[in-house]
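Novice: pasting the sequence and the predicted coordinates here, then a few questions.
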Amino acid sequence: MLLRKWKSGDEEDLVKSGNDLDVSRFLKNSFPYPYTLRDAHRWIHFVNHVAKGYFMAIEVNKEVVGCVGVERQEDVFCKSAELGYWIGQKYWNRGIMTHVVKETVDYAFLHMNIVRLYANVFEGNIGSVKVLEKAGFVQEAVLKNAVYKNGNYLDQLIFAIIRR
């Protein structure tokens, strides 16, 4: 497993892993389903030229299979950052994402001058809850009906880890 910067040429792998309703159902609508080559080109341009944060491709056996990112917040929240991630369904339940999240937490606290890293999880995303708990995150809140996804209202679970 390798974490690396996104590059031109990753688009087909990105579509292969990301164009999956089961992957997109727990992500923000900015990650559409179906996921197309056009979406992949936009993403790679965004993370390399626009985004304020740390966004890495997850590579397994020389294939991009997912993404992890940390986006610094602004204004009075400038010492906090949001963690986001996903991995193709073929790689679920293999411990890859737990390893990725732990490595990303270490990197973020070392290089981003933040004290708090948080992640938003949609109700029902049991796999993501397990990943965060194994990485040392603690659930801080449940926001009732805070998410409207695919015609359904879902609770938003907020997990965080504080720099020690």
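Specialist: Looks like it came in fine. Numbering: from 1, shown residues only.
Novice: thought A141 was touching I158?
Specialist: Yes - using CB atoms under 8 Å, A141 is in contact with I158, at 4.4 Å. Glycine gets a C-beta too; all of them are placed from N, C-alpha and C.
Novice: these two: who's more crowded?
Specialist: Higher neighbour count among A141 and I158: I158, with 16 against 13, using other CB atoms under 10 Å.
Novice: so the more buried one lies in a helix, does it not?
Specialist: No - counting by DSSP: H, G, I helix; E, B strand; the rest coil, I158 is not part of a helix but strand.
Novice: show me the contacts for A119.
Specialist: Shown in contact with A119 (CB atoms under 8 Å, 6 or more residues apart in numbering): E82, L83, G84, Y85, S128, L132, F137, I158, F159, A160.
Novice: show me which of these is closest to W92.
Specialist: Nearest to W92 among the contacts of A119 is S128, at 10.4 Å by CB to CB.
Novice: not counting residues beside it along the chain, what's closest to the closest one?
Specialist: Spatial nearest neighbour of S128, excluding adjacent residues (CB to CB, 6 or more residues apart in numbering): V121 at 4.8 Å.
Novice: for L132, same thing?
Specialist: Leaving out its chain neighbours, the residue that sits closest to L132 by CB to CB, 6+ apart is F159, at 4.5 Å.
Novice: pretty sure the one you found is touching Y118, no?
Specialist: Yes - the criterion here is CB under 8 Å, and F159 meets it with Y118 at 6.5 Å.
Novice: which residue ranges of this structure form helices?
Specialist: For the chain, applying DSSP state H gives helices covering 11-18, 21-24, 37-49, 96-111, 126-134.
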